[in-house]
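[1] Here's a sequence, model it:
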Amino acid sequence: MFGLDGWKLLILLLLATFLIGPERLPEYMAKLREFIKQARSMADGAKTQLRDQMGPEFDDIDWRQYDPRQYDPRRIVRQALFDDDEPGQADAAAPVWEPPRYDPDRVTPYDIDAT
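    Predicted coordinates for the structure are as follows:
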């Protein structure tokens, strides 16, 4: 969690207590509680909206495959390097574009708006 361990979090809480003061601390804790409630309700609303838009397919999704902790960059690079392309894919590739050759007999094109 942002590189904070237990001791650093405790020090930050004590520092906040001294800076805010005991008379304003309940007010700020109430604001923090309301912010957390609003964030949770917004997340639940977004989840409900996504579930409504996707329909029954939402329950079929395996959410574990999107967990970033499971990605291994070495495995992804290895797969990208060693997996062959599909056989028909090379034939369907667009032709290589060749730049126009200089012809000294032709007049060089001039665009008055571009210069």
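[2] distance of residue 8 from residue 44?
    30 Å (CB to CB, to the nearest Å). All C-beta atoms are positioned from the backbone trio N, CA, C, and that covers glycine.
[3] again, but for residue 50
    On the measure of CB to CB, residue 50 and residue 44 end up 11 Å apart.
[4] Run a quick neighbour tally on residue 25.
    By other CB atoms under 10 Å, 13 other residues sit near residue 25.
[5] Chain neighbours aside, what residue packs nearest to it?
    Nearest non-adjacent residue to residue 25, counting by CB to CB, 6 or more residues apart in numbering: residue 17, 6.3 Å away.
[6] Show me what the helix or strand where residue 41 lies is packed up against.
    Assigned by DSSP states H and E, residue 41 falls within helix 25-54. Applying 3 or more CB pairs under 8 Å, 6 or more residues apart in numbering; DSSP states H and E, we find helix 25-54 packed against no helix or strand.
[7] can you pull the buried residues of that helix?
    Of all the residues in helix 25-54, not one is buried under the rule 16 or more other CB atoms under 10 Å.
[8] Stretch 58-66 too?
    So, applying 16+ other CB under 10 Å, stretch 58-66 has no buried residues.
[9] End to end on it, go ahead and measure it.
    14 Å (CA to CA, to the nearest Å).
[10] Go ahead and measure how far that stretch is from the middle of the chain.
    Relative to the chain's own centre, stretch 58-66 is displaced by 17 Å; criterion: CA atoms, centre = their mean, to the nearest Å.
[11] Check stretch 63-74 too.
    How far stretch 63-74 lies from its chain's middle: 13 Å, per CA atoms, centre = their mean.
[12] Then stretch 38-55?
    Here stretch 38-55 shows a centroid-to-chain-centroid distance of 18 Å under the convention CA atoms, centre = their mean.
[13] Keeping just the C-alphas, turn that stretch into CSV.
    C-alpha atoms of stretch 38-55 as CSV (Å, rounded to 0.1, in the frame of the first residue of the first chain):
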residue,chain,number,x,y,z
GLN,A,38,-19.0,7.8,-1.3
ALA,A,39,-16.1,6.0,-2.9
ARG,A,40,-17.6,2.6,-2.1
SER,A,41,-21.1,3.6,-3.3
MET,A,42,-19.6,4.9,-6.6
ALA,A,43,-17.7,1.7,-7.1
ASP,A,44,-20.8,-0.4,-6.4
GLY,A,45,-22.8,1.8,-8.8
ALA,A,46,-20.2,1.4,-11.5
LYS,A,47,-20.2,-2.4,-10.9
THR,A,48,-24.0,-2.5,-11.1
GLN,A,49,-24.0,-0.4,-14.3
LEU,A,50,-21.5,-2.6,-15.9
ARG,A,51,-23.5,-5.7,-14.9
ASP,A,52,-26.6,-4.2,-16.4
GLN,A,53,-24.9,-3.2,-19.7
MET,A,54,-23.2,-6.6,-20.1
GLY,A,55,-26.1,-8.7,-19.0
